[in-house]
Structures are given as structure tokens and as C-alpha cells.
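Give the three-dimensional model of this entry:
(chains A and B)
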Amino acid sequence: NAGVTQTPKFRILKIGQSMTLQCTQDMNHNYMYWYRQDPGMGLKLIYYSVGAGITDKGEVPNGYNVSRSTTEDFPLRLELAAPSQTSVYFCASSYGRGTEAFFGQGTRLTVV
Amino acid sequence: EDQVTQSPEALRLQEGESSSLNCSYTVSGLRGLFWYRQDPGKGPEFLFTLYSAGEEKEKERLKATLTKKESFLHITAPKPEDSATYLCAVRPNSGYSTLTFGKGTMLLVSP
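Numbering: from 1, shown residues only, chains lettered A, B, ... in the order given. From the prediction side, this is the model:
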């Protein structure tokens, strides 16, 4: 049972480059989330989705875009990478509003 | 605005020395309070969900409790393998009720 899978695990980008962080879950969860985690700052919500075709902004959405064409996949797009986007990114999913979220192993992104 | 404050930021214990971690929260109606464990370089791992004041959950050496304003994670006779960062999160009773996390408590248990 894979759970939430994120790729890649590590990535170095140059300023201005673009990339997509992939996230897929095999638990048939409706809700999916993207968080970033910076040292001493806790997890901050970037975007979330409550089902295929429905996405909404979280606390720190600037510089990111998402799409949700299927229940399983929730990719996060960085269009013009900036040093401020250096962080660890976590994707998560949950069955419903009141249930626990399950997290992937994270993507460590460095923008230089 | 929902807020979660965890204390202490870091805690160092000797093996077998019991203690508690605190999570204070303000939320517009609580749908659930969640505790997670996070090991270095890994994603958060779910531990407990608490839904109402007075509720308690236990798992091995960990016990989570909930009041109307805070939650405690009690660690009884900890072992070095309990060393990790413990995260608290709340889910409000409004809107799409996304999780708001605290900054975590880094626990180090020395043999």
C-alpha cells in the first residue's frame, strides 16, 4: 500500500526555471493538500483540493499553481523559481473534512 | 484566524523521564485536533485525532488529552526511539476545514 507518493525527492533549480512537483495517492481520498515547511516556521498550506476539478488557495499560494484532473494526482507547478521558494514541500491527502491527513515523504527543493 | 502554539520548542529528556508537550489553540469551532510525529527527512506521521474536550487517546508510551483550549501529549518512560519532532494541528468546523499546524516540539531522549 503506497499511500502518498511524491517525486522527485530532491531538486536544485536555477532562478527563473520552472518545474512540477508530482504527487499521487492510492487511497481514493477526496482531499489533497500541498504544504511547505521552512525551518522554525511550521507547515504552511499552499493549495488544496476537495475533489477532481476543484482547487483553492491556502495561506501562501503566490508563485505556485496546481491542477486536479483526477482523484489520484495533484501536481504543484512552480513557474519562475525564486530563492524564497527554497523549502521542503509535502503533499498530503485525507478522506474527508474531519479525518486525519496522510503525508508523502517530501521534496527538498533548492533554488540558486 | 486559527492559531496553534506549541511549547516547549525543544525538550531534552533522559530515558525513562516522563514529561508532557503542550498545544494551545484558538479556532472557530473545533472539528478535530491532530498529533503527528515527524522524523528528520521524513513526512509527518499521524498519531492521534481528538474531537471533543475530555477525550483521551493512547498508543504505547504516548497519551494525548484535550481540553477546550489546549491539548497535551504525555510521554511516559520515553525511549531514545521516541526522539522526533511532534506536531499539533487543528481543523476548524467551518469552510473546507483545512489543517493549521503549530511549529512543533523537538524532543530528544538520551540513553
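
name the element A:Cys91 belongs to?
strand A:87-94 (DSSP states H and E).

Can you tell me what sits against that strand?
A:4, A:6, A:21, A:23, A:25, A:27, A:29-38, A:43, A:46, A:74, A:76, A:100-104, A:106-109, B:43-44 (Cβ atoms under 8 Å, 6 or more residues apart in numbering or on different chains). All C-beta atoms are positioned from the backbone trio N, CA, C, and that covers glycine.

Any of those residues buried? List them.
Buried members of the contacts of strand A:87-94, scored by 16 or more other Cβ atoms under 10 Å in any protein chain shown, are A:4, A:6, A:21, A:23, A:25, A:29-37, A:43, A:46, A:74, A:76, A:100-104, A:106-107, A:109, B:43-44.

Out of the residues you listed, name the ones that lie in helices.
Among the buried ones among the contacts of strand A:87-94, no residue falls in helices (DSSP state H).

For A:Ile54, which non-adjacent residue is closest in space?
Nearest in space to A:Ile54, with sequence neighbours left out and distances taken as Cβ to Cβ, 6 or more residues apart in numbering or on different chains, is A:Arg68 at 6.7 Å.

tell me the phi and psi of B:Arg12?
phi -110, psi 130 (degrees, to the nearest 10).

give the contact list for it.
With contact set as Cβ under 8 Å, 6+ apart, B:Arg12 has these partners: B:107-110.

I'd like to know which of those are buried.
Buried members of these, scored by 16+ other Cβ under 10 Å, are B:107, B:109.

which residues touch the longest strand belonging to chain A?
As assigned by DSSP state E, the longest strand anywhere in chain A is strand A:42-51. If you take Cβ under 8 Å, 6+ apart as the criterion, strand A:42-51 is touched by A:30-38, A:55-61, A:64, A:66, A:68, A:71, A:74, A:76, A:89-90, B:44, B:87, B:89, B:96, B:98-104.

Now do the contacts for residue 103.
The chain I'm using is chain A. Contacts of A:Phe103 (Cβ under 8 Å, 6+ apart): A:4, A:90-92, B:36, B:43-45.

that's the wrong chain, I meant chain B
A:40-42, B:6, B:9.

Among these, name the buried ones.
For those, buried by 16+ other Cβ under 10 Å: A:42, B:6.
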